[in-house]
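Trainee: my questions concern the predicted model and sequence given below.
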Amino acid sequence: MSTAATPFPGERVSSYDVTGRQDSDYYAVFADISAADREAWDRAKAYIDEVGPRMADAWDRGEYPLDIARRMGEMDLVVDGIQHPSLTRLSPLAAGLVNMEISRGDGSLGTVLAVQGGLALRTLALFGSDAQQEKWLTALADGSVFGSFALTEPDHGSDSVSLETVARRDGEQWVIRGAKKWIGNGASGGITFVWARVDDESAPENGAVRCFLVEQSAPGYTGTPIRGKASLRAIHQAHIVLDDVRVPLDAVLPGTHSFKDASTVLYATRSGVAWSALGHATACYEAALAYATKRVQFGKPLAKFQMVQERLTHMLEDLTAMQLYCRRLADLEAAGELRPTQASLAKFHNTRAARRIASTARDLLGGNGILLENGVMQHLADIEAIHTYEGTESVQALLLGRDITGMSAFA
């Protein structure tokens, strides 16, 4: 009879513990952070340690545990560095470290943070009326209400400036008609910030893009979770139909007047994607490093093979560059000097580097690399989503190309 002390021949080690946190920081990029920033980072670590096992199971089953998402708000982790007197103030560095740590733990939760805080809460804080903020701001921040940001449409992703969802005046109401897709929290039962084009030839704002606060319980609003995802499986992203949804005139966010206002929100969250990519990459690198020291082949640990050490070095090279990008982003933002295209470059670099690290880690783990229990395969899949959202690689390249050449190559 086999026991733990006397394993079957050929199975001295049945599994490997490679998902532990190692806080890799080869250049000590984050060694000098303030006590306040470290406290926020530690809070994010505690959150991930608390919910991590359940999230791994939820990702496997394709389920969205709303209580875990709500817990993020309860621990005051969704404020995302937004400056508002009613919100806890996190420095840009603290907000980035929180984003990094949550994404290191689980990519779906990283997207919850990006949607609830980076998009929905930021939209309300920047553009909402006093009454709208009084009713909804704290509720979004503490997770008691879920928020979503509905810009992308089934026919308009990278060209979202061409959105076709319309809002027309009808007496004392707006009537909204259109469709949206890939909307995180769009079927959560909360509120949705819907970007629509005003369709009213008698109004001076006709044709302008504005944002409307829509309660998801409104008649005509249907949010259906998108099934069959191989990435970010533990957050529901919705296909939304707005079938003549009626909202009061004061549902419009008064600070929104054009597509540039939506871009302001997206530029702010682009830095968050760079930090999120760093979290994913850190998890993959650390899993590969742990596995290399524990896995024995040909009579010695993988870490003693030259090819393995070279791969780990290439991964560390990318990871350290990603950390330096993120730290500089935070410093520029804190000084009020961050330009949108600088955030674009960080997103462009970091999601590409994260893909390389995840692919190398998956390969280094061999067959064990496809097991969800080792984390790498899940991160590899989730990185594919963040590589695309908040502006694809091609869009970022065109934004940067226009900035450095002074000439636009957009069609």
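Mentor: Received the coordinates, thanks.
Trainee: CA only for contacts and neighbour counts going forward, please
Mentor: Noted.
Trainee: which stretches of this protein form strands?
Mentor: Assigned by DSSP state E, the strands in the chain fall at 147-150, 166-170, 173-184, 191-198, 209-215, 221-225, 237-248, 296-297, 300-301.
Trainee: burial count for the residue lying closest to Thr256 once chain neighbours are set aside?
Mentor: In this structure, Thr256 finds its nearest non-sequential neighbour in Arg210, 5.2 Å apart by Cα to Cα, 6 or more residues apart in numbering. The number of residues packed near Arg210 is 25, by other Cα atoms under 10 Å.
Trainee: so Arg210 touches Ala251, yeah?
Mentor: No. If you go by Cα atoms under 8 Å, Arg210 and Ala251 don't touch, sitting 10.6 Å apart.
Trainee: thinking again about what came up before, can I get the strands of the chain in JSON lines with distance to Ala56 and mean pLDDT?
Mentor: Compiled in JSON lines, those are given as follows (distance: least, Cα to Cα, whole Å; pLDDT from 0 to 100):
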{"stretch": "strand 147-150", "distance to Ala56": "23", "mean pLDDT": "98"}
{"stretch": "strand 166-170", "distance to Ala56": "39", "mean pLDDT": "95"}
{"stretch": "strand 173-184", "distance to Ala56": "19", "mean pLDDT": "97"}
{"stretch": "strand 191-198", "distance to Ala56": "27", "mean pLDDT": "98"}
{"stretch": "strand 209-215", "distance to Ala56": "30", "mean pLDDT": "97"}
{"stretch": "strand 221-225", "distance to Ala56": "19", "mean pLDDT": "98"}
{"stretch": "strand 237-248", "distance to Ala56": "18", "mean pLDDT": "98"}
{"stretch": "strand 296-297", "distance to Ala56": "27", "mean pLDDT": "95"}
{"stretch": "strand 300-301", "distance to Ala56": "28", "mean pLDDT": "96"}
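Trainee: among the ones you listed, which comes closest to Gln22?
Mentor: strand 300-301 (19.1 Å; Cα to Cα).
Trainee: and the closest one, which strands flank it?
Mentor: Using DSSP bridges, strand 300-301 pairs in its sheet with strand 296-297 (antiparallel).
Trainee: quick one: contacts of the partner strand?
Mentor: Leu302 (Cα atoms under 8 Å, 6 or more residues apart in numbering).
Trainee: and what of stretch 90-103?
Mentor: The contact list for stretch 90-103 (Cα under 8 Å, 6+ apart) reads 36-38, 40-41, 44-45, 48, 77, 79-82, 109-111, 113, 272, 275-280, 326-327, 330-331, 333-334.
Trainee: in CSV, list the C-alpha atoms belonging to that stretch.
Mentor: Backbone C-alpha positions of stretch 90-103 (Å, rounded to 0.1, in the frame of the first residue of the first chain) are rendered in CSV as follows:
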residue,chain,number,x,y,z
LEU,A,90,-4.2,56.9,-2.7
SER,A,91,-1.0,58.2,-4.3
PRO,A,92,-0.5,57.1,-8.0
LEU,A,93,2.2,54.7,-6.7
ALA,A,94,-0.1,53.2,-4.1
ALA,A,95,-2.9,52.8,-6.6
GLY,A,96,-0.5,51.1,-9.0
LEU,A,97,0.8,48.7,-6.4
VAL,A,98,-2.7,47.8,-5.4
ASN,A,99,-3.6,47.1,-9.1
MET,A,100,-0.4,45.1,-9.5
GLU,A,101,-1.0,43.0,-6.5
ILE,A,102,-4.6,42.2,-7.2
SER,A,103,-3.7,41.2,-10.8
